[in-house]
Every structure is written in C-alpha cells, then in structure tokens.
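Chemist: A predicted structure for the sequence below; I have some questions about it.
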Amino acid sequence: MVKRKLRIMVAKPGLDGHDRGARVLARCFRDAGFEVIYTGCHQTPEQIAASAIQEDVDVVGLSCLSGAHRYLFPRVVELLKEQSADDIMVIGGGVIPDQDFKMLYDAGIKEIFTPGASLESIVEWINNNVKLT
C-alpha cells in the first residue's frame, strides 16, 4: 500500500502582501515531500477555509506580518469548525508577539512559528504532529 502525501495549504490572510516567507515555506514543504497548495496574498478567512476543504488538505499554514493575526487566524479555525472540517490542523507564523500565543492556542491554532524558526524545525514539527488518516 502506497502511503499518500501530506497535503498542506499555505495562505496569506488579510491585506498583508509580504509573501516571501510564505513562498519559501511552500517550496520547503514541497522539498520535504508534501503536496503544497499556495493560495497567494490577500485571502479572506472564508476563502482560505473554503479552499482548505475543497483541496482536502491536512494542514493550513497561515502567514501574517500585518498584526491582524488575532482576528484572522482564529476566524479560519472557526470557519473550518462551522463546516465540520475541524480535522484540518491550522498552524500560523509571522511576526506574532509572545503575549498573543496563548490567545491563539486557545482559539485552536496548533503551533506558531516566528521569524528565526528554522525550516527544518517546522518540517520536523509537522512530521511529528500531523497524522494522516
């Protein structure tokens, strides 16, 4: 039996147009053997949740540098839950202050990666924490 590849979607919610890091992560995930869907910039939480469900992803990786993570990240989790897709794991990254971590975790974000996190540590976390069904 051939094991399927993990499917991960990288998304840039909100008005944040700085996507270099997201594109680097998308390539890193591809090189790690994951199937990658990159939605591009300026996505609404509704678009991200709908795409995640349509693409049948295992993980959504959100990237936000604009400071709107306190609203955008929990909203994606909420929309997935409303559509009975809360089996899709949501992780986040970007410029996120330490004091916001607890609120994001409480809202259902499974992990947060900030600048300086190595690509290897992010891939390792995904490999250790995402189980294919």
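Modeler: All right, it came through fine. Numbering: from 1, shown residues only.

Chemist: only C-alpha atoms from now on, for both contacts and neighbour counts.
Modeler: Will do.

Chemist: quick one: buried residues of the worst-scoring helix or strand of the chain on mean pLDDT?
Modeler: Least confident helix or strand of the chain, by mean pLDDT, DSSP states H and E, is helix 20-31 with a mean of 93. By neighbour count with 16 or more other CA atoms under 10 Å, helix 20-31 contains the buried residues 22, 25-26, 28-29.

Chemist: as TSV, the residues you listed with distance to residue 103 would be great.
Modeler: Listed next are these as TSV, based on distance: CA to CA, whole Å:
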residue	distance to residue 103
22	23
25	24
26	26
28	28
29	27
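
Chemist: nearest to residue 116 among the residues you listed?
Modeler: residue 25 (12.8 Å; CA to CA).

Chemist: do I have it right that the closest one meets residue 119?
Modeler: Yes - the criterion here is CA atoms under 8 Å, and residue 25 meets it with residue 119 at 7.3 Å.

Chemist: for whichever strand or helix holds residue 60, what is the distance to the chain centroid?
Modeler: Using DSSP states H and E, residue 60 sits in strand 59-64. Strand 59-64 has its C-alpha centroid displaced from the chain centroid by 2 Å (CA atoms, centre = their mean, to the nearest Å).
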